[in-house]
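Q: here's a sequence, model it:
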Amino acid sequence: MNNTAPIKHKRGNATHNLVKGLIYGFLILLALIYILPLTWVVITSLKDDRVLMTSPWAMPDKLMFENYSFAWTMGNLGKATLNSFIVCSITLIVSLLIGSMAAFGIARLRWKLSKLVLTYFMIGMMIPIHCVLIPLFIQFSSWKLTNSLIGLIIPYVTFSLPITIYIMVGFFRGIPNEMFESAVMDGCSVPRMFFEIALPMAKTGFMVTGLMSFVSNWNELLLAMVFISREAQKTLPVSLTKFVGPYHTNYTQMFAGIVIAVIPTIIVYCIFANQIVEGLTAGAVKG
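A: This next block holds a predicted model:
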């Protein structure tokens, strides 16, 4: 009888368990790296400045919930949140509509310059926003678009299009050709194929690109700080900078404002986490 088989089996199980334990340990460490700073921000937002300066890592003696009311009222976060929501929502709708149409034309329509056009859009992913900041500001100033929400929506849409097109092209290419061939035989037009066949079958990619666009524009600071100086038009990230002064900084109130600012993105990721992972994975495989 061969007695070496059980030994090899046990060694294989031990190796498998070791690898599995290392993977879980790495994932737990990675989760702690992301969760602990956010937890510290929430705890700090419930302190006063004296406790923060003397014991930055200690738990608060008294829960200062008034930090949140101060941040919401004195920081004008209510109006800033509304401005951010308007800008991000319009940007989301326009970028998804234009980007998905362009992606459908590149992925499913036969024309000679489709690859060249896709490359052109991909170049936009490699251009840092800092390179175009000064030209954009000069041009928008001449057009009287500074201190207006439309002045933020235009560049936000522009910088959202490349990643939207890139992901959606992968999803549209993954749709079986038989679906479109059957639609053409039934006399279906190109717009109907796009809205009735392509979009429903690529809804996961549509959701992923929409979430990525919304969250990135929600947290954007540089363009909003340069283009907007009027108080009534400031977005949420810009309003948070008011807590930092040249001689004094309201740290605990600022952390309360940060918590308010990140709550919408946390809620979005918690609700759509599975769709985000599924969509990115599917897009990578199909692309």
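Q: for the longest helix along the chain, give the mean pLDDT please.
A: Counting residues, the longest helix found in the chain (DSSP state H) is helix 4-44. Helix 4-44 shows a mean pLDDT of 81.
Q: and it, what does it pack against?
A: Counting by 3 or more CB pairs under 8 Å, 6 or more residues apart in numbering; DSSP states H and E, the packing neighbours recorded for helix 4-44 are helix 251-286. The C-beta positions use only the backbone N, C-alpha and C, and glycine is treated the same way.
Q: pLDDT (mean, whole number) over stretch 68-79?
A: 86.
Q: in it, what counts as buried?
A: 68, 70-72, 75-77, 79 (16 or more other CB atoms under 10 Å).
Q: go on, stretch 141-157?
A: In stretch 141-157, counting by 16+ other CB under 10 Å, buried: 145-147, 149, 151-157.
Q: so where is this protein shaky, pLDDT-wise?
A: Applying pLDDT under 70 to the chain flags residues 1-12, 245-248, 275-287.
Q: can you give me the helices in it?
A: Going by DSSP H, the chain shows helices at 4-44, 49-54, 66-74, 77-108, 114-123, 133-142, 150-173, 177-185, 190-193, 199-201, 203-218, 222-227, 236-240, 251-286.
Q: need those helices in CSV (columns: distance to residue 60).
A: Shown next, in CSV, are the helices of the chain (distance: least, CB to CB, whole Å):
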stretch, distance to residue 60
helix 4-44, 7
helix 49-54, 6
helix 66-74, 10
helix 77-108, 22
helix 114-123, 49
helix 133-142, 40
helix 150-173, 37
helix 177-185, 58
helix 190-193, 58
helix 199-201, 49
helix 203-218, 28
helix 222-227, 31
helix 236-240, 21
helix 251-286, 9
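Q: distance to residue 88 added to the buried residues of stretch 141-157, as JSON lines?
A: Formatted as JSON lines, the buried residues of stretch 141-157 follow (distance: CB to CB, whole Å):
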{"residue": "145", "distance to residue 88": "18"}
{"residue": "146", "distance to residue 88": "19"}
{"residue": "147", "distance to residue 88": "18"}
{"residue": "149", "distance to residue 88": "10"}
{"residue": "151", "distance to residue 88": "15"}
{"residue": "152", "distance to residue 88": "10"}
{"residue": "153", "distance to residue 88": "9"}
{"residue": "154", "distance to residue 88": "14"}
{"residue": "155", "distance to residue 88": "13"}
{"residue": "156", "distance to residue 88": "8"}
{"residue": "157", "distance to residue 88": "11"}
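Q: outside of stretch 41-61, which residues touch it?
A: 40, 62-65, 67-68, 250-252, 255-256, 258-259 (CB atoms under 8 Å, 6 or more residues apart in numbering).
Q: for stretch 254-263, same thing?
A: Contacts of stretch 254-263 (CB under 8 Å, 6+ apart): 38, 41-42, 44-45, 67-68, 70-72, 75, 77, 81, 219, 236-237, 239-240, 243-244.
Q: which among the residues you listed count as buried?
A: 44-45, 67-68, 70-72, 75, 77, 81, 236-237, 239-240, 243.
Q: which two of the contacts of stretch 41-61 have the greatest separation?
A: Using CB to CB, the pair of those lying farthest apart is 62 and 258, separated by 20.4 Å.
Q: and this protein, what are its domains?
A: 4-44, 67-286 (automatic domain parsing).
Q: in TSV, list these along with distance to residue 54.
A: What follows is the domains of the chain, written out as TSV (distance: least, CB to CB, whole Å):
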stretch	distance to residue 54
domain 4-44	13
domain 67-286	13
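Q: tell me which of those is the most buried.
A: Highest mean neighbour count among the domains of the chain (mean count of other CB atoms under 10 Å): domain 67-286, with a mean of 17.
Q: what's the spacing between the nearest residue to residue 202 once chain neighbours are set aside and residue 251?
A: Nearest non-adjacent residue to residue 202, counting by CB to CB, 6 or more residues apart in numbering: residue 171, 3.9 Å away. Taking CB to CB, to the nearest Å as the measure, residue 171 falls 44 Å from residue 251.
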